[in-house]
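Q: No letters, just coordinates:
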DNA sequence: AGTTCATATTGACGTTTGTCTATATGATTA
DNA sequence: TAATCATATAGACAAACGTCAATATGAACT
């Protein structure tokens, strides 16, 4: 997980509902239908949120017939902790020195 | 740091430039003018970013004459790590059970 | 008192984001 | 084959967001 991945993960986590989804999945694999039961928003909204979390590398999924099961990515927690440690530790190299000053292409 | 504070912190961190500011400040206190030297954006943009970080409880500041110095909040790192641990640990209570289902008033 | 410097505030603008309704797609069942 | 169920996609919309130029405010200096 490099700095860009860390920012992407933070952006994905920086939504109340997506954070709750992550918390649910930390307890174990769930299908979309089970996840949806925990919220008041519509199915397309959930589909959108799961897409955001998957694109950020936070969750992975597999199909089982009609059902799609989601689970937290295997190495996400460790990588996120490691990046957070790097960011907040005063004896690490400054994160601004690890990236070129140029703007990333969108 | 409760769940709402954690979401607020994540939102504040979920910007590439603000994340770099946090990284800079993890090395020690800096005045706004020194922070600005590390970036290409304008002074009002920095002021806005610092406001966001301060409101999220990530940085604190003090004035010294014309200068305003910023520093990471004393307990931010520990609190952020603690909340992250709670979120991602499979043996903790689910974060969705710690909050009522009602939408927070904006 | 006027000037310079450091920083905050205001308002505008283009972009991004969360949510919905409607619809499409794929799997299963009768 | 049609109906049902699970989920993704498309498009619209309002709100939020990052950035800028212009301006205001406060501190220090001359």
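A: Arrived safely. All of these numbers come straight from a predicted model, not from anything done at the bench.

Q: what about whichever residue of chain A sits closest to DNA strand C, distance to DNA strand D?
A: Closest contact between chain A and DNA strand C, by Cβ to the nearest atom of the strand, is at residue A:65 (2.8 Å). Just so you know, the C-beta spots here come from the backbone N, C-alpha and C atoms, and that holds for glycine as well. Distance, residue A:65 to DNA strand D, using Cβ to the nearest atom of the strand, to the nearest Å: 8 Å.

Q: For the closest residue to residue A:83 other than its chain neighbours, grab the count of nearby residues.
A: Among residues not flanking residue A:83 along the chain, residue A:6 sits closest, at 4.3 Å (Cβ to Cβ, 6 or more residues apart in numbering or on different chains). By other Cβ atoms under 10 Å in any protein chain shown, the residues close to residue A:6 number 23.

Q: and residue A:6, what does it touch?
A: A:80, A:83, A:87, B:19 (Cβ atoms under 8 Å, 6 or more residues apart in numbering or on different chains).

Q: most surrounded residue in those?
A: residue A:80 (22 neighbours).

Q: thought that residue was touching residue A:1?
A: Yes. Between residue A:80 and residue A:1 there is a contact at 7.0 Å, judged by Cβ atoms under 8 Å.

Q: where do the contact lists of the two overlap?
A: Joint contacts of residue A:80 and residue A:1 (Cβ under 8 Å, 6+ apart) are residue A:9.

Q: tell me, how many neighbours does residue A:51 end up with?
A: Residue A:51 has 12 nearby residues by other Cβ under 10 Å.
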